[in-house]
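S.K.: got a sequence here, can you build the structure:
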Amino acid sequence: MVSIEAFRKIALSFPETMEAPHFENTAFKVNKKIFATLNIKENRATVKLSEKEQDLFCLYDKQVMYPVPNKWGDQGWTHINLKTIKREMCADALAAAFHEVASIKLSSAIKKK
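M.R.: Numbering: from 1, shown residues only. Next up, the predicted model:
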């Protein structure tokens, strides 16, 4: 399980990340682009992954990570059930999402797992 505060702390640990409102949720952005959102009411996060990374993360367990069930899911947006995901997997998914939207220069400044 990953708490709301733990998710927020991991997301904000990436360089130049900003937290901002996004409709009824919270967005985490880099270069003005969203790489993750947090839905506190549903204890769920959503991250932007490449198609390949989405396939890999979602293989683990569909109750933990799964594509958003609409056109956004086809674009790599992936839900994370914060009640069932382990911290390390959540951190890896956030890192992958950060790398997906960050500039090459900023992305290469941190080690990709």
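S.K.: next up, the contacts around A109.
M.R.: Listed by Cβ atoms under 8 Å, 6 or more residues apart in numbering, the contact set of A109 reads P15. Bear in mind the C-beta positions are built from the backbone N, C-alpha and C, glycine included.
S.K.: give me phi/psi at the closest residue to G73 other than its chain neighbours?
M.R.: Nearest residue to G73, sequence neighbours excluded (Cβ to Cβ, 6 or more residues apart in numbering): P67, at 3.4 Å. Backbone torsions for P67, taken as degrees, to the nearest 10, come to phi -60, psi 140.
S.K.: separation between P67 and N43?
M.R.: 18 Å (Cβ to Cβ, to the nearest Å).
S.K.: the residue nearest to G73 is in contact with I80, isn't it?
M.R.: No - contact criterion Cβ atoms under 8 Å: P67 and I80 do not qualify, at 11.3 Å.
S.K.: higher neighbour count, those two?
M.R.: Taking neighbours as other Cβ atoms under 10 Å, P67 and I80 compare with I80 leading, 26 against 20.
S.K.: doesn't the more buried one belong to a strand?
M.R.: Yes - under DSSP: H, G, I helix; E, B strand; the rest coil, I80 falls within a strand.
S.K.: quick one: contacts for it?
M.R.: Contacts of I80 (Cβ under 8 Å, 6+ apart): 44-47, 64-65, 90, 93.
S.K.: return the subset of these lying in helices.
M.R.: Those of those mapping onto helices are 90, 93, per DSSP state H.
S.K.: tell me which residues of stretch 7-16 are tucked away?
M.R.: By 16 or more other Cβ atoms under 10 Å, the buried positions in stretch 7-16 come out as 7-8, 10-11, 14.
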